[in-house]
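Undergrad: Could you look at this predicted model? Sequence included:
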Amino acid sequence: MIILFPSVIDVLEIIEEDGLTQEQKSEANMLSKSLQDFDFIFCLHFMRTLLGITNELSQALQRKEQDIVNAMNLVGICRKQLQDLRDDGWDSMLKQVTLFCKKHDIDVCNMDGIFLLSGRSRVKAPQMTNLHYYRVELFYVVIDLQLIELENRFSETSADLLISMACLNPSNYFSAFDKSKVIHFARFYPDDFSEMALMMLDDQLETYIVDMRTSADFSNLKGIGDLAEKMVKTKRDKVYSLVYLLIKLALILPVATAMVERTFSAMSIVKNRLLNGMGDQWMNDALVAYIEKDVLANVDNENIIDRIQKMKTHQGDC
């Protein structure tokens, strides 16, 4: 939008002049005025900056094969960038917006003037300057909401848990393995690992890592899921029962953490404004279809049609 802004305004002005109906002309006029308003330009650049800071983290959380260490590192980087923006980013943000407005002949808001929210009378509106509104009520508040959201979803305990779990990753001949961190990971599950079990796990890990690094069966594994599958096939899940229990817990963990982030991200796409009234079952089915679209892309359409036709409630032609 920032790059195409002049072209968008030109198109709206053309529609305003040559629209087929009066409704089109009026809507184009309204949009053109809204887009050429300081408030819109400020929000446009502000959101562009926020989304730029959080983009890499958002993309990392949506990948099925996740590098937990790098993802947690991105969380820390994202927090720092947001805090730096809050502490020192206001002047540069305002300058950026002001230059954009001047370039496109848009009236720049007087920061010392009284702010009035559109649609409210001056009598009922709270008295504040434009500077206070844009800097405190908008700039600071939105950044603080982002920081709080990161803290709630990725607390220090959660980050510690995920980083410890990453030590089980078998990639590159178990290069990430760290016995102390694996035992630390086990301590997060006191119901499954008593003090006696932790002592046994300590001894078992010594033998386990030597076996894994010298066995050809475990040389080309890509993730914890592959490790669990290979352990079952080679019956190592019985030999290293405590380690295998940890691996199972590690496989469950993303369902309650990063996988949830993927689902919430998908929900905002699936349950949009037009489909806001969909029921829970329909939404669940739609989310599964969207999130697992790579798997469903390999399902033949004829098989789907046959399945639907065989359902008791859909006996008619499809």
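TA: Here it is on my side, so go on. Every value quoted in this text rests on a predicted model; they were computed, and no experiment measured them. Numbers count the residues shown, from 1 in each chain.

Undergrad: ok, and what's touching stretch 198-213?
TA: 170, 173-174, 177, 179, 182-183, 186-187, 193, 218, 236, 240, 242-243, 246 (CB atoms under 8 Å, 6 or more residues apart in numbering). Backbone N, C-alpha and C define where each C-beta goes, glycine included.

Undergrad: An error on my part: the question was meant for stretch 236-248.
TA: 168, 182, 185-186, 192-193, 197, 200-201, 204-205, 207-208, 211, 224, 227-228, 230-231.

Undergrad: do the same with stretch 19-28
TA: Against stretch 19-28 from outside (CB under 8 Å, 6+ apart): 12-13, 15-17.

Undergrad: mind running it again at 10 Å?
TA: Contact partners of stretch 19-28, identified using CB atoms under 10 Å, 6 or more residues apart in numbering, comprise 11-18, 29.

Undergrad: Format those as TSV; extra columns: secondary structure and pLDDT.
TA: Formatted as TSV, the contacts of stretch 19-28 follow (DSSP: H, G, I helix; E, B strand; the rest coil; pLDDT from 0 to 100):
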residue	secondary structure	pLDDT
Val11	helix	92
Leu12	helix	91
Glu13	helix	91
Ile14	helix	92
Ile15	helix	91
Glu16	helix	88
Glu17	helix	89
Asp18	helix	86
Asn29	helix	90
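
Undergrad: Pull out the buried residues from those.
TA: In the contacts of stretch 19-28, burial by neighbour count holds for 12, 15-16, 29, counting by 16 or more other CB atoms under 10 Å.

Undergrad: can you list these in TSV and add distance to Leu50?
TA: Listed next are the buried ones among the contacts of stretch 19-28 as TSV, based on distance: CB to CB, whole Å:
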residue	distance to Leu50
Leu12	26
Ile15	31
Glu16	32
Asn29	30
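
Undergrad: Let's see the distance spanning stretch 230-238 from one end to the other.
TA: Distance between the two ends of stretch 230-238: 12 Å, counting by CA to CA, to the nearest Å.

Undergrad: tell me which residues of it are tucked away?
TA: 230-231, 236-237.

Undergrad: which ones among these are found in helices?
TA: 230-231, 236-237 (DSSP state H).

Undergrad: Which members of the buried residues of stretch 230-238 are the farthest-apart pair?
TA: Lys230 and Asp237 (9.5 Å; CB to CB).

Undergrad: Kindly list the longest helix within the protein.
TA: From DSSP H, the single longest helix across the chain is helix 38-62.

Undergrad: can you give me the strands for the chain?
TA: Counting by DSSP state E, the chain forms no strands at all.

Undergrad: Quick test: name the residue nearest the centre of it.
TA: With distances taken as CA atoms, centre = their mean, Ser58 lies nearest the centre of the chain, 3.6 Å away.

Undergrad: list the contacts for Val141?
TA: Val141 neighbours (CB under 10 Å, 6+ apart): Arg135.

Undergrad: On the pLDDT front, check it for me.
TA: On pLDDT, Val141 comes in at 95.

Undergrad: Could you do Leu145 as well?
TA: Looking at Leu145, its pLDDT is 92.

Undergrad: ok, the spatially closest residue to Ile143 that is not a sequence neighbour to Arg135 distance?
TA: Setting aside the residues directly before and after it, Ile143 is nearest to Arg86 in space (CB to CB, 6 or more residues apart in numbering), at 4.6 Å. Counting by CB to CB, to the nearest Å, the gap from Arg86 to Arg135 is 10 Å.

Undergrad: now Leu221
TA: 52 Å.

Undergrad: who has more neighbours, these two?
TA: Leu221 (21 against 17; other CB atoms under 10 Å).

Undergrad: wouldn't the more buried one be in contact with Phe174 here?
TA: Yes - taking contacts as CB atoms under 10 Å, Leu221 lies within contact range of Phe174: 8.7 Å.

Undergrad: Next, show the common contact partners of the two.
TA: Taking CB under 10 Å, 6+ apart as the contact rule, Leu221 and Phe174 both touch 212, 227.

Undergrad: quick one: contacts for the nearest residue to Gln96 once chain neighbours are set aside?
TA: Spatially, and ignoring its direct neighbours in sequence, Gln96 is nearest to His45 (5.7 Å; CB to CB, 6+ apart). His45 is in contact with 2, 93-94, 96-97, 99-101, counting by CB under 10 Å, 6+ apart.
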